[in-house]
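S.K.: Got a predicted model here, sequence first, then my questions.
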Number of protein chains: 2
Amino acid sequence: MTYSPITPNDINVLTEIVGPDQLTTTHADRLLRAKDQSQHAAKLAEVILFPQTALQVAEILRYANQRCIPITPWGVGTSLEGNPIPQYGGITLSLERMTRIIKVHHDDFQVTVEPGIGHKDLNRELARFGLFFPPDPGANATIGGMLANNAAGIRTVKYGASKDNVLRMQVALADGRLIHVGSRSIKQSAGYDLLHLFVGSEGTLGIITEATLKLVPLPQLMSAVVASFPTISAAIETVVAIKASGLDPAALEFIDPKQCAILRDHAGVNLEEKPTLFMEFHATHRETLEYGLQELLQICNDQGATGFRATTDHAERAKLWQARHHAFETLVRVHPGKTFVIDDVSVPLSAYPVLIAYIEAQLAEHDVPAYMKGHAGDGNIHVEFPFGDAHEYDRAMQVNDRIVLKAIELGGTCTGEHGVGIGKAKYMQAEHGQALAVMWAIKQTLDPNRILNPGKIFPPDFFNG
Amino acid sequence: MTYSPITPNDINVLTEIVGPDQLTTTHADRLLRAKDQSQHAAKLAEVILFPQTALQVAEILRYANQRCIPITPWGVGTSLEGNPIPQYGGITLSLERMTRIIKVHHDDFQVTVEPGIGHKDLNRELARFGLFFPPDPGANATIGGMLANNAAGIRTVKYGASKDNVLRMQVALADGRLIHVGSRSIKQSAGYDLLHLFVGSEGTLGIITEATLKLVPLPQLMSAVVASFPTISAAIETVVAIKASGLDPAALEFIDPKQCAILRDHAGVNLEEKPTLFMEFHATHRETLEYGLQELLQICNDQGATGFRATTDHAERAKLWQARHHAFETLVRVHPGKTFVIDDVSVPLSAYPVLIAYIEAQLAEHDVPAYMKGHAGDGNIHVEFPFGDAHEYDRAMQVNDRIVLKAIELGGTCTGEHGVGIGKAKYMQAEHGQALAVMWAIKQTLDPNRILNPGKIFPPDFFNG
């Protein structure tokens, strides 16, 4: 695939589309959008565009498609797999000036937004209506980026991932058509589910220019629980038992003993150096919450829990959870000068103990330092490898490679919530087999000139084939 | 599009693929599978095949694709929009002999099944594990058919439609490739969501040969409530209030006054001739259930409910709900000699009162007899038109046409759960605009010879274009 370099004439045409203040070619501006929060190498786009309407996005695409200029969409750069890095230069299409809340459909528990709004900013506005958009990847990712990557996070065990919380989108196609996919009707059986085809496609099939999201009422009451266990398998058995109980946790997180020790020693958190579960429950009645906690205590005790702290108090809850929320920052702080590779694999719950045991054994065998933090309720685990040089990086990636292949072998996936981006493309064939060729056929149908976020999702042999 | 008629040689080859007892060309067998439960005209396939393995399905497709023979999949024929009618003859591929439960992954709350098993039969087996597959379209539809149509039903308000309760499928493509889509991992962000592309595609993109379904624990406790209201808008406002309350109903059904009167007069059910809601709630603690009922009573009273009967007793609950479950049978019984057109439109909840008022006005204006029954919690309504001759049918269909267009105008859909089949194809352009061309491009990519369930989903101008 060869792309056209951007010419002065292209800049003129693009300036005409977006307006003079909505385009930049300065090195500083391009550098600011040259990489996300992953360890993948930065690449400079040739020009950054800041469209302000869906029509402008569509016009940019139509033009770029005619001229064979690659386009990489950009939200705010919080992704973790190189997803918005402009691998082939060209245009970085930043949605950061499309941040409007178009309409709150409060009777329908829905909101229609532009793609550039951060989910935390959105939730701040929605609180007035007693509603919120539940997927929470941690950072203030944009809604467009969350949908494009199918981001998830700690609340997914109850409320689902981004794909489960979107109803309708407007999408600009490579050839400049603007289409609507999905429906504001909760129920829909009218033809192919294009909505979910575009969600998680990482900007390789089209660019999301508007989205109508599902919202849920803010929980009236919440409890938080931190429980520690003698062994990882006891902790994981507890996860399975909680899921079977119908207690419907709103968060069910696992942190490994080493990381608990760091949080204890460096963040002043009252934790044992043991496999630990962080949990949250939502309810409409205090009694429900308290019955739930009694049942939960029983389940944890049955698995030999060595610690169990629970609270329904707001301030106390925030304190308990703080450790989980700031765990990664603490890790970074106690590893000065190191960068982290963060892996993201997910397996069926029954395979989770096997996967965790395998990860532990691999880390020990290869003497590679790493930490585990997992959305255990979903069978999702992040392995966080600190590295300081190329040698440490290579060693981490070798272990990482085994972990990913093991997850796939266990019926799981190479990425539960970070997306494929650059780093996971090499596992797509192993995970999907012949279905990958079907994905590619769809890519070719919707983006025959391969202008949309090239270099992502598909391994190079597809892309250059 | 011209298809090849089936020759004696085709029969020989197909017999070789499936075996001599797995193929029939008798008139009786073909007639038995010539139509579903809709009002659409029967059509005879030329041959019925009963494959017993996914590989046989794939081989049949490969052969039919080479020979340009149309293939229509068949489950058990309970669909309501002509979805499995073999419009162009050819092969009806019946999955009725692929009914195995391949594996219950009870730790993962999942089950892997062949497509021909009925969901009621499946749930009977799953009860031993304390689990169930929640989508319930009423009839004992097959899992393959439910997935192909994205069937829903009364429990969807809490548990989602078929598309929300499937994780992984094996699909045979038109060219005979067998692929796997989705993952047994609950979380997945690895490339395009092909799973949901095939779900709801009504057998026009591929044939589902295996599915892994999400299950949920059987509810420990349930309550049932029947409440009647002075006006339709009061009933619908109650629906909105219940959804905002966080009470999380497991069913939230609306029945119109006329139908309530029929149930009272002809089925001995204690109902007022008033807009009536049937509700169900699931809980793990008795107190939760009872607090919920108190809150619910308050909500219903706030809307001026004229009747409110609630129970947490199993036998009493079954009795209360019986009226809802047998409502359609009762309608049929009191209209001897009539057939029914059942419409299925769905809108955002806020538009539901407008839609219902519009339907009432249309029925009155054109003096067309019809009944309304709705999955109100989802904004879904079924209008049931009895007809006895072509004139009554035409009048019903004219009113129906206006209702469908109104639903689309209100931001809704021409079909919430019955699928497009034959009857809704003409609304696809109005509902989807340019996105319909994208659906067609995908169809052409995956089934270039248009052998898969031709005549469904797309209007004739696409199909013949």
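M.R.: Now that the structure is in, tell me what you want to look at.

S.K.: Could you list the domains of chain A?
M.R.: Listed domain ranges for chain A are A:8-96, A:101-217, A:221-322, A:335-419 (source: automatic domain parsing).

S.K.: weakest of these in terms of mean pLDDT?
M.R.: Sorting the domains of chain A by mean pLDDT places domain A:221-322 lowest, at a mean of 91.

S.K.: That one and chain B, are they touching?
M.R.: Yes: Domain A:221-322 is in contact with chain B by Cβ under 8 Å from any Cβ of the partner chain, via A:240, A:243-247, A:284-285, A:287-288, A:291-292, A:295. Using the backbone N, CA and C atoms, a C-beta is placed for each residue, glycine as well.

S.K.: Phi, psi for the nearest residue to A:P51 once chain neighbours are set aside please.
M.R.: In space, and not counting its chain neighbours, A:P51 is closest to A:V57: 4.8 Å by Cβ to Cβ, 6 or more residues apart in numbering or on different chains. The phi/psi pair for A:V57 (degrees, to the nearest 10) reads phi -60, psi -50.

S.K.: There's contact between A:V57 and A:F50 in this structure, I believe.
M.R.: No: the pair A:V57 and A:F50 fails to qualify as a contact (Cβ atoms under 8 Å) at a distance of 10.6 Å.

S.K.: Could you measure from A:R317 over to A:H325?
M.R.: 12 Å (Cβ to Cβ, to the nearest Å).

S.K.: typo on my end, it should be A:F133
M.R.: As judged by Cβ to Cβ, A:F133 and A:H325 stand 18 Å apart.

S.K.: Compare those two and say which one has the larger neighbour count.
M.R.: The residue with more neighbours, out of A:F133 and A:H325, is A:F133; 24 against 12, by other Cβ atoms under 10 Å in any protein chain shown.

S.K.: residue contacts, the more buried one?
M.R.: By Cβ atoms under 8 Å, 6 or more residues apart in numbering or on different chains, A:F133 lies in contact with A:111, A:119, A:122-123, A:126, A:143, A:165, A:213-215.

S.K.: now swap in A:P134 and tell me
M.R.: Taking Cβ under 8 Å, 6+ apart, one finds A:155-156, A:158-160, A:165, A:216 in contact with A:P134.

S.K.: Now for those residues: which two are most distant?
M.R.: Pairwise distances across these (Cβ to Cβ) peak at 12.8 Å, for the pair A:T156 and A:V216.

S.K.: Between the two, tell me which one has more neighbours.
M.R.: Higher neighbour count among A:T156 and A:V216: A:T156, with 28 against 17, using other Cβ under 10 Å.

S.K.: so how many other residues sit close to the residue lying closest to the more buried one once chain neighbours are set aside?
M.R.: The spatial neighbour of A:T156 that comes closest, neighbours along the chain excluded (Cβ to Cβ, 6+ apart), is A:D378 at 5.7 Å. A count of nearby residues for A:D378, using other Cβ under 10 Å, gives 28.

S.K.: residue at max distance from the center of chain A?
M.R.: A:N9 (37.3 Å; Cα atoms, centre = their mean).

S.K.: Quick check on the nearest residue to A:P219 once chain neighbours are set aside: phi, psi?
M.R.: Leaving out its chain neighbours, the residue that sits closest to A:P219 by Cβ to Cβ, 6+ apart is A:H282, at 3.5 Å. Note on A:H282: its backbone torsions stand at phi -120, psi 140 [degrees, to the nearest 10].

S.K.: for the stretch 1-150 of chain A, what spans make up the strands?
M.R.: In the stretch 1-150 of chain A, strands defined by DSSP state E, counting those that start in this stretch lie at A:23-24, A:47-49, A:71-74, A:91-94, A:101-105, A:110-113, A:131-132, listed in chain order.

S.K.: Any chance of JSON lines for the ones you listed, columns mean neighbour count?
M.R.: Below are those laid out as JSON lines (neighbours: other Cβ atoms under 10 Å in any protein chain shown):
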{"stretch": "strand A:23-24", "mean neighbour count": "18"}
{"stretch": "strand A:47-49", "mean neighbour count": "23"}
{"stretch": "strand A:71-74", "mean neighbour count": "28"}
{"stretch": "strand A:91-94", "mean neighbour count": "27"}
{"stretch": "strand A:101-105", "mean neighbour count": "16"}
{"stretch": "strand A:110-113", "mean neighbour count": "23"}
{"stretch": "strand A:131-132", "mean neighbour count": "22"}
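
S.K.: quick one: contacts for the residue nearest to A:P219?
M.R.: A:158, A:219-222, A:250.

S.K.: isn't A:G176 right up against A:L55?
M.R.: No: at 9.7 Å, A:G176 does not count as touching A:L55 under the criterion of Cβ under 8 Å.

S.K.: Pick out whichever of these two has more residues nearby.
M.R.: Legend: neighbour count by other Cβ under 10 Å for A:G176 and A:L55, higher for A:G176 (17 against 14).

S.K.: which one is that one nearest to, not counting chain neighbours?
M.R.: Counting by Cβ to Cβ, 6+ apart, A:R62 is the residue found nearest to A:G176 once chain neighbours are left out, at 2.7 Å.

S.K.: Same check on A:N453?
M.R.: Using Cβ to Cβ, 6+ apart and skipping residues adjacent in sequence, the residue nearest A:N453 is A:G203, 4.2 Å away.

S.K.: Kindly report the same for A:Y427.
M.R.: A:C414 (3.9 Å).

S.K.: For that neighbour, the count of nearby residues, please.
M.R.: When neighbours are defined as other Cβ under 10 Å, A:C414 has 31 of them.

S.K.: Spit out the contact partners of it.
M.R.: By Cβ under 8 Å, 6+ apart, A:C414 lies in contact with A:345, A:404, A:407-408, A:420, A:424, A:427-428, A:430-431, B:190.

S.K.: Can I get the buried ones among the residues you listed as something I can paste into PyMOL?
M.R.: A single PyMOL command selects the buried members of those (16 or more other Cβ atoms under 10 Å in any protein chain shown):
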select buried, (chain A and resi 345+404+407+408+420+424+427+428+431) or (chain B and resi 190)
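
S.K.: So which of the contacts of A:C414 belong to strands?
M.R.: Residues of the contacts of A:C414 located in strands (DSSP state E): A:V345.

S.K.: Identify, from the contacts of A:C414, the entry nearest to B:L93.
M.R.: Nearest to B:L93 among the contacts of A:C414 is A:E431, at 28.8 Å by Cβ to Cβ.

S.K.: ok, back up a step: my guess is the residue nearest to A:N453 contacts A:G455. True?
M.R.: No: the criterion here is Cβ under 8 Å, and A:G203 misses it with A:G455 at 11.4 Å.

S.K.: Tell me which of the two has more neighbours.
M.R.: Ranked by neighbour count (other Cβ under 10 Å), A:G203 and A:G455 place A:G203 first, with 24 against 21.

S.K.: dump the residue contacts of the more buried one.
M.R.: A:G203 neighbours (Cβ under 8 Å, 6+ apart): A:72-73, A:83-84, A:148, A:452-453, A:456.
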